[in-house]
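Q: any chance you could fold what I've pasted below:
(chains A and B)
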Amino acid sequence: MSSITVTLPDGSQQSHPAGISPLAIARSISPRLADDAVVAQVNGELRDLTRPLTENTELRILTSKDPQSLEVYRHSTAHLLAAAVLELFPETKLGIGPPIENGFYYDFDRPEPFTPEDLERIEKKMWEIQARDLPYERVWTKKDEGLSKYKDAWMKCELIQERAGDEFSEYTLGPQFIDFCRGPHVPSTKRIKAFKLLSVAGAYWKGDEKRKQLQRIYGTAWFSQKDLDGYLKMLEEAKKRDHRKLGQELELYMIDELAGPGLIFFLPKGATVRRVLEDWMRDAYVERGYDLVFTPHVARLDLWKTSGHANFYGENMFKPMELDDAEYQLKPMNCPGHILIYRSKPRSYRDLPVRLGELGTVYRYERSGTMHGLLRVRGFTQDDAHIFCTPEQIENEVVSCLEFARDVLHTFGFDKYEAELSTWDGGVSGKYDGAPELWALAEKSLRQATERLGWNARIMPDEAAFYGPKIDVKLVDAIGRKWQLSTVQFDFTLPRRFGLEFTGDDNRKHQPLMVHRALFGSVERFFGILTEHYAGAFPVWLAPVQATLLPISDRHAPFARQVLQELKAAGLRATIDERSEKVNMKIREAQLAKVPFMLVVGDKEVESGSVSVRNRRHGDQGAQPVSQFIAGAMKLITERTPFE
RNA sequence: GCCGAUGUAGCUCAGAUGGUAGAGCGCGUCCUUGGUAAGGACGAGGUCACCGGUUCAAUCCCGGUCAUCGGCUCCA
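A: Okay, here's the model as predicted:
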């Protein structure tokens, strides 16, 4: 028998008989490693631990510590799910079952819907199969043979036709189950220790809404029960922070059926937060050299024909309305309005850059079933600005936009964020608009801008908008979820469509470059993200009520009212709770309302002219003079401390 | 728009084989004046999402509509 040389990650080399499995090698290194092993990396490629090695190889044994092995593990759990479904519902046809972030899913075609009870049964069945300790066995099959074997499984046939070579691999799980699959998988079902089925949902075959709708079962899987519990706990925490729940509990906003879905009413408390946010943002615009404008909410449809939106964005717009003898359109975007302002007078290169900003409310038609609290609505306000400048100015402009975005993120205590640079395909498909020189210039300035900031932007090839490349900033919130936020986008199309120009120092007409940028994205959406990020406990500078006075008994009310006036005079948003309730009750309610400061006032305080401060996070802080409390609170407000 | 689930008091939820409903919290009145997360009593409050159908009778069964939730598609 011939032998092969196996090189391990530490550089050491071993000689083994050809045909030995990585699992056997792992066992020879240490039984513990063999137990922990999930998958092998053979010459850089992930492979089953049990698949024999036939040539000299560089071998790495991946354990639960390697992130790639979790994907394999989840993929294997998806197979376990499919096997369980087929045992319980043999008539079911299998679609695909990949690993996803935090778990896996599998798509099934079956006339009857899966019920929550079915899910429980399936999960039980999965544990049953798990206990059988079935190996995931790789089988090598010829294409034509395979096609006849799968003739009843239409989706698998389609996949084999598309993806398989002359021969392809399949994985079995016990005598019945076999699945067209590239693998690799964990060695056996015993390896799968912690999973849970979460939900069933409709999903189109291949994500195409014209194709058949399947039933997708979602699950989560982890190497240990502890990890699974941790994840389930995170889901619970996310549920507690859900802005729709907090929005109602804290009276921030509402949606009323009578008005329609996706249309937001800000209640007084939410409106206060929003007002502070917007005022802050508008001031920041002015400080950074933007000119603020206002544009109308409706305009002749002709404007939208000129911009091209009526044509390529029409699906997403509210229907035009008849008025006099013209059609008018509710605006889905702010750009055309800003463009009209730009071209309302001749511009010289000396005027550039022109930065026009607006908190502009737009209305877009979202299909029913897509609305989601504040995150996906039909009417929303963009903190929108358009920058018109020369090619020489563009890089600095992009840098200032990104700096602005970064400062915004820091203000709200988002310390982790990532940038994505979406580029075009080089023009091969013809689906992008604009000259290659423009694309080159724009992509270069975007890239250099991120480099100047020391950002490590991920390049997303072929992800640009058709009208220009862009940078998207994604933030990571307090419990680790990612949200798309700021965006800086080039637009080569609109300046041309509207014939924008400026006079250069050569006394000739030139077309300005146009950048579209939004930092919050949508104020409503950002408000929702903030609500979840802070779990409803807005920082003092944003809190709808910053301090509430809690007189212990009626005789303390006059002093409390006097303090209230002092707080208000200092500019604090303060209230008083004069009900004849016990102070425990008043504290409980203020605490649940997440008021940052509860100021208890009793005999001692009246006598000494002080307040006893209770902080919503840190509890009783003891008595302090009113002036001292005001100074402390004002400091938090002017510094916009994100977490007091 | 599509698949599935849900819709009962301001909120969170019970409820009956079909005979027009109940709790807790909240709200109102009164009592209580209490020092860091729920003091007590009484009371008001519902066309059981909406529109049809079946039935002697529908909140319950059937059909449709609307909305919400979990997803898909799309997206700020």
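
Q: A:Tyr136: which element?
A: strand A:136-142 (DSSP states H and E).

Q: ditto for A:Met598
A: Judged by DSSP H and E, A:Met598 forms part of strand A:597-601.

Q: and that strand, how far from the chain's centre?
A: 38 Å (Cα atoms, centre = their mean, to the nearest Å).

Q: the helix or strand following that strand vs RNA strand B: in contact?
A: As assigned by DSSP H and E, the chain's next helix or strand after strand A:597-601 is helix A:603-608. Yes. Shown here: helix A:603-608 in contact with RNA strand B (Cβ under 7 Å from any atom of the strand) through A:Asp603, A:Lys604, A:Glu605. For glycine as for every other residue, the C-beta is placed from the backbone atoms N, C-alpha and C.

Q: can you pull up the bridge partners for A:Leu46?
A: A:Gln41 (DSSP bridges).

Q: how about the contacts made by it?
A: Neighbour list for A:Leu46: A:Val39, A:Ala40, A:Leu62, A:Gln68, A:Val72, A:Pro184 [criterion: Cβ atoms under 8 Å, 6 or more residues apart in numbering].

Q: for ChimeraX, what selects the buried ones among the residues you listed?
A: Per 16 or more other Cβ atoms under 10 Å, the buried members of those correspond to this ChimeraX selection:
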select /A:39,40,62,72,184
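
Q: tell me the one of the contacts of A:Leu46 nearest RNA strand B?
A: The nearest member of the contacts of A:Leu46 to RNA strand B, counting by Cβ to the nearest atom of the strand, is A:Val72 at 21.5 Å.

Q: tell me the SS of that closest one?
A: helix (DSSP: H, G, I helix; E, B strand; the rest coil).

Q: then the one 4 residues further on?
A: Three-state call for A:Ser76 (three-state DSSP): helix.

Q: quick one: pLDDT of it?
A: For A:Ser76, the pLDDT comes out at 95.

Q: I figured it was touching A:Ser188, is that so?
A: No. Counting by Cβ atoms under 8 Å, A:Ser188 is not a contact partner of A:Ser76; they are 9.2 Å apart.

Q: between the two, which one's more packed in?
A: Shown here are A:Ser76 and A:Ser188; by other Cβ atoms under 10 Å, A:Ser76 has more neighbours (29 against 18).

Q: so where's chain A uncertain?
A: A:1 (pLDDT under 70).

Q: please enumerate the strands of the stretch 251-400 of chain A.
A: With DSSP state E, counting those that start in this stretch as the criterion, the stretch 251-400 of chain A has strands at A:253-254, A:265-266, A:291-292, A:298-300, A:321-323, A:326-330, A:354-363, A:379-389.

Q: for the residue nearest to the spatial centre of chain A, give me its contacts.
A: By Cα atoms, centre = their mean, chain A has its centre lying nearest to A:Trp483, at 3.0 Å. For A:Trp483, the contact set (Cβ under 8 Å, 6+ apart) comprises A:Lys474, A:Leu475, A:Asp477, A:Ile529.

Q: by neighbours, which of the residues you listed wins?
A: A:Ile529 (24 neighbours).

Q: so that one touches A:Asp477, yeah?
A: Yes. Here A:Ile529 lies in contact with A:Asp477, judged by Cβ under 8 Å, at a distance of 6.8 Å.

Q: just give the number of residues close to A:Glu24.
A: To be clear, residue A:24 is Ala; Glu isn't right here. Neighbour number of A:Ala24 under other Cβ under 10 Å is 17.

Q: I'd like to know how far it sits from A:Pro9.
A: 17 Å (Cβ to Cβ, to the nearest Å).

Q: also A:Asp462?
A: On the measure of Cβ to Cβ, A:Asp462 and A:Pro9 end up 35 Å apart.

Q: same check on A:Phe168?
A: For A:Phe168, the distance to A:Pro9 - Cβ to Cβ - is 30 Å.

Q: neighbour-wise, which of those two wins?
A: The residue with more neighbours, out of A:Phe168 and A:Pro9, is A:Phe168; 18 against 10, by other Cβ under 10 Å.

Q: quickly find the element holding the more buried one.
A: With DSSP H and E as the test, A:Phe168 turns up in strand A:167-173.
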